[in-house]
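Colleague: next one to model:
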Amino acid sequence: MGLCLLVANSLSAASSCKLTLGMSNWLPYQAISESGEPHGLQVELIEQIATQAKCTLKYRSMTFQAGLKELEQGTVDFLVNASPSEERSKIALFSIPYRNEFLLLYSTQKYLEKCHRMTLEELIRDGFRLGIQYQLYYGEELRLIQQSPELNRMLRYVESNVQHVDLVESEDLDGIIDDPVVVSYRSTINPQRSGVLKSCPIQISTSPVSLMFSKKSVSKEIVERFNKAILAVQATPEYRKRWSW
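Modeller: From the prediction side, this is the model:
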């Protein structure tokens, strides 16, 4: 009887783990189609982790900024691509890192030569109009720049970098920060505009990112299940082939 009860409780706990993930469109990593279907490299990874944790997922399309608000309210259970911080820890619980994120600086032709010999701070002081998203973490160097009122005023805050070429042209920017995999993907699907932005030899950030869970709607026990699931998925050959950089 005791064993049957234990198994029943375990199955009940697994079936009750139904989480809502808020995410923006950021191909090839993640997107939600018009019919509501999630797809992308990172979606596949998160699904593997959730399955290992015996949880089912549903998805809602939103910007990261909107996701933070909903996470605080408990109307969204977790977000991806999150860097832990003291401020975010007030509303969220963090998993162990599930992958590494690599970000580069991309520039228009106007600053391409200068970005090969200047630091990021020097570029900004020179008038480089850098577009970054609100409330995202881009590494320590940019965080220190943002803490300077003088330099922070020179940054251009935008809602999204989903279409980076459109963003540069519509917002009159000189550059953006993005993942090389994303930039390469966009160049492939829109080759006639691939020359607008070129990478600079300035590595903005290479850092681990975590899943960020709402303190209002997700228990520490669920987070620990995800931690164990992340370790199990990271031990697979498929993960090492696709995500080890």
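Colleague: what residue lies at the spatial centre of the protein?
Modeller: Nearest to the mean C-alpha position of the chain, by CA atoms, centre = their mean, lies Asn81 at 2.8 Å.
Colleague: who's in contact with that residue?
Modeller: For Asn81, the residues meeting the contact criterion (CB atoms under 8 Å, 6 or more residues apart in numbering) are 42, 64, 101, 209. C-betas here are computed from N, CA, C, even on glycine.
Colleague: now the helices for the protein?
Modeller: Using DSSP state H, the helices found in the chain span residues 2-15, 41-52, 64-73, 109-112, 120-125, 140-147, 149-152, 164-171, 180-189, 220-234, 237-243.
Colleague: of all the helices and strands in the protein, which has the lowest average confidence?
Modeller: Of all regular secondary-structure elements in the chain, judged by mean pLDDT, DSSP states H and E, the least confident is helix 2-15 with a mean of 44.
Colleague: give me the average confidence score over the longest strand belonging to the chain.
Modeller: For the chain, the strand that runs over the most residues, judged by DSSP state E, is strand 198-214. For strand 198-214, the mean pLDDT works out to 94.
Colleague: and for stretch 133-147?
Modeller: Stretch 133-147 shows a mean pLDDT of 92 in the predicted model.
Colleague: please identify the buried residues of it?
Modeller: When neighbours are counted by 16 or more other CB atoms under 10 Å, the buried residues of stretch 133-147 are found to be 133, 136-139, 142, 145.
Colleague: out of those, list just those in strands.
Modeller: For the buried residues of stretch 133-147, membership in strands holds for Gln133, with DSSP E as the criterion.
Colleague: for the buried residues of stretch 133-147, which one is nearest Ser160?
Modeller: Gln133 (6.7 Å; CB to CB).
Colleague: show me what that closest one is bridged to.
Modeller: Val158 (DSSP bridges).
Colleague: contacting residues for it?
Modeller: Gln133 makes contact with 64-65, 157-161, according to CB under 8 Å, 6+ apart.
Colleague: turn those residues into TSV, columns for pLDDT and neighbour count.
Modeller: What follows is these, written out as TSV (pLDDT from 0 to 100; neighbours: other CB atoms under 10 Å):
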residue	pLDDT	neighbour count
Phe64	92	22
Gln65	91	14
Tyr157	91	13
Val158	85	16
Glu159	78	13
Ser160	74	16
Asn161	68	22
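Colleague: domain assignment for the protein?
Modeller: Taking automatic domain parsing as the reference, the chain has its domains at 2-99+209-243, 101-206.
Colleague: start and end of the last one, how far apart?
Modeller: Between the opening and closing residues of domain 101-206 we find a distance of 5 Å, counting by CA to CA, to the nearest Å.
Colleague: and for stretch 34-43?
Modeller: Using CA to CA, the end-to-end distance of stretch 34-43 comes to 16 Å.
Colleague: what's the offset of it from the middle of its chain?
Modeller: For stretch 34-43, the distance between its averaged C-alpha position and the chain's averaged C-alpha position is 15 Å (CA atoms, centre = their mean, to the nearest Å).
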